[in-house]
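Colleague: Have a look; sequence and predicted model below, questions after that.
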Amino acid sequence: MKFISLFRRSAVWAAVLLTLGLHLRASEVSALWAERVKCVVAVEYYTETEADRRPSISYGTVIDANGTIILPSVAVNPRAMPSQLKDFKVYRPGNPNSLPAQYLGQDALTGWHFVRVDEASRKELTPVTAFVVKDTPEPAMADEVWGIGLRNKDEDFQPYLLSSHIAIVQSLPQRTAIAQQEVAGPGLPVFNRAGAFIGLAASSFGSNFIQFSREDRGGFPVIMVNVEESGAFQTAAEVLPYLSRVPQNIYGRPLAWLGAYGLEPMDPDVAKFLNLSGQSGVVVSEVLDGSPADKGGLKDRDLLIAIDGQPLPRFKPDRVILSYIDREVQRRHPGDTMALTVLRGSDRVELKVTLGEEPRLVSEADRKYFDRLGLTAREFVSDDAVARRVKSTELSGVIAHYVKPNSPAAAGGLRPDDWIKEIDGVEVKTYAAAAERLAAIEAGKIQTECVLLVSRGGVTSVLHVKLQP
């Protein structure tokens, strides 16, 4: 939902400056603005799916002289394969002409997607690092900050000014400043009054409202999200050290892997009983067989309390610690060692875990669309086994990654993410076997029905798919 007021849509940025109350003189801000707007862009690309070719637009920040741009994690649908992302174009604010670009991949630690402009076009852009000032302090409560927003494509992504004051700074687990109102477009830089880079706007935060009707005066809660502007940003100290994490390939590999799942923050009453009230703890629900965690001696129900000898820091809310653990793994590389301290019953146990390479991802899985059936069959991977709480050795069958509406598969009751285990009474143990049988059905002219044995939410069902001649 758009929250940009009609006033912002019609006023020039200088008038917006006066309305927002930025206390610098207009001439000073004009000089800062003219240079800093060159480090922001809009990025357009297409996602080619079985059903359509859909455009997407995201905001991005230029990070180096090579024309590298970072986009927020929400810029790309996580179900999309990198090979489905096509025709990347970069637009400079206020300029209708696009620059060709290439998708480089996503970094697992930061979540950023990386895009790079063609070499001939790089001189048109300025990296945000040009506005890094050494020893700039972390933003603090009540500090005045400002950033840049971009209008829509039909308005040539015209830039406009946003300004606010810091309301709070906290660790989520990254150091994050939350302003009183929107301060920049998601993924775009934030500056202090002197024009120094102090952070990168996060994805939009929701605002809670109470909605009333004439019939219901009690009202009910509504969460509204501004997708074009953000009032929260990660501080420069959380951004600058990771700008060099340009993916080596479109899948972001190498990816470190621990193999512990179902992590839960330690209950406050348990922490008090164990005299651990000043720190966090994480309960390990499941250790995957054969994983690095399993080989390193980690057990189900272990209570993780320290990494590399350092007690887990305390965060509020408590669940933030789970993101902290993920980041501690992802900041490392396969082959690195993590020293874990756990409580196992009344015993304190020290473990050395050598991280492995993340198993094949959903985005890397083989898949194929079968038009007569109206479904895309996808390889069953390790993440599917974890989600369905089955052993990693049971990687059999295929996943219905996409089911075309009103297709024979849909009419037969098949849904996305169903686990197809048998086709016409024959168990399919591999993706290749499943693809072969589905291809035979696709090519056949006599068969009028196919029978699928599927698992959904732990319940097994038999589906009859009526085929069109």
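Modeller: Thanks, I have it. Owing to the predicted nature of the structure, the values given are computational and were not obtained by experimental measurement.
Colleague: Could you chop the protein up by domain?
Modeller: 1-251, 256-357, 362-466 (automatic domain parsing).
Colleague: Now do the longest one, average pLDDT.
Modeller: In this model, domain 1-251 has an average pLDDT of 86.
Colleague: cool, and stretch 297-308?
Modeller: 96.
Colleague: what's in contact with it?
Modeller: Residues outside stretch 297-308 that contact it (CB atoms under 8 Å, 6 or more residues apart in numbering) are 260, 263, 266, 270, 274, 276, 279, 281-287, 311-312, 325, 328, 338-344, 349, 351, 353. The way it works is simple: take the backbone N, C-alpha and C, and place the C-beta from them, glycine included.
Colleague: From the chain's centroid, how far away is stretch 331-351?
Modeller: Stretch 331-351 sits 27 Å away from the centroid of its parent chain (CA atoms, centre = their mean, to the nearest Å).
Colleague: what sits up against it?
Modeller: 109, 254-258, 274, 281, 284, 296-299, 301-309, 328-329, 352-358.
Colleague: Show me where this protein has its helices.
Modeller: Assigned by DSSP state H, the helices in the chain fall at 6-10, 13-20, 26-36, 236-239, 268-273, 292-295, 320-330, 382-387, 408-411, 431-443.
Colleague: what would those helices look like in CSV with distance to residue 47 and mean neighbour count?
Modeller: Output for those, formatted as CSV (distance: least, CB to CB, whole Å; neighbours: other CB atoms under 10 Å):
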stretch, distance to residue 47, mean neighbour count
helix 6-10, 28, 11
helix 13-20, 32, 15
helix 26-36, 31, 14
helix 236-239, 27, 20
helix 268-273, 43, 12
helix 292-295, 34, 20
helix 320-330, 25, 18
helix 382-387, 21, 17
helix 408-411, 21, 19
helix 431-443, 23, 17
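Colleague: Distance to residue 394 added to those, as JSON lines?
Modeller: Formatted as JSON lines, the helices of the chain follow (distance: least, CB to CB, whole Å):
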{"stretch": "helix 6-10", "distance to residue 394": "55"}
{"stretch": "helix 13-20", "distance to residue 394": "58"}
{"stretch": "helix 26-36", "distance to residue 394": "54"}
{"stretch": "helix 236-239", "distance to residue 394": "39"}
{"stretch": "helix 268-273", "distance to residue 394": "33"}
{"stretch": "helix 292-295", "distance to residue 394": "16"}
{"stretch": "helix 320-330", "distance to residue 394": "24"}
{"stretch": "helix 382-387", "distance to residue 394": "6"}
{"stretch": "helix 408-411", "distance to residue 394": "24"}
{"stretch": "helix 431-443", "distance to residue 394": "14"}
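Colleague: So for residue 162, which of those helices sits nearest?
Modeller: helix 13-20 (7.3 Å; CB to CB).
Colleague: isn't residue 148 right up against residue 34?
Modeller: No: between residue 148 and residue 34 there is no contact under CB atoms under 8 Å: 11.7 Å.
Colleague: Quick check on the contacts of stretch 331-351: which are buried?
Modeller: Among the contacts of stretch 331-351, the ones that count as buried by 16 or more other CB atoms under 10 Å are 109, 255-258, 281, 284, 296-298, 302-307, 328-329, 353, 355-356, 358.
Colleague: you'd agree residue 439 is up against residue 371?
Modeller: No: counting by CB under 8 Å, residue 439 stays clear of residue 371, with 11.3 Å between them.
Colleague: Common neighbours of the two, please.
Modeller: Contacts common to residue 439 and residue 371, judged by CB under 8 Å, 6+ apart, are absent.
Colleague: what pairs with the closest residue to residue 425 other than its chain neighbours across the strands?
Modeller: In space, and not counting its chain neighbours, residue 425 is closest to residue 451: 6.6 Å by CB to CB, 6 or more residues apart in numbering. Counting by DSSP bridges, residue 451 forms beta bridges with residue 464.
Colleague: Could you measure from residue 451 over to residue 458?
Modeller: 21 Å (CB to CB, to the nearest Å).
Colleague: Repeat that for residue 167.
Modeller: Taking CB to CB, one finds residue 167 at 44 Å from residue 458.
Colleague: Looking at these two, which is more packed in?
Modeller: The neighbour comparison of residue 167 against residue 458 (other CB atoms under 10 Å) goes to residue 167, with 14 against 9.
Colleague: which ones are touching that one?
Modeller: When contacts are taken as CB under 8 Å, 6+ apart, residue 167 is in contact with 141, 178-180.
Colleague: Now with 10 Å, please.
Modeller: By CB atoms under 10 Å, 6 or more residues apart in numbering, the residues touching residue 167 are 141-142, 177-181, 231-232.
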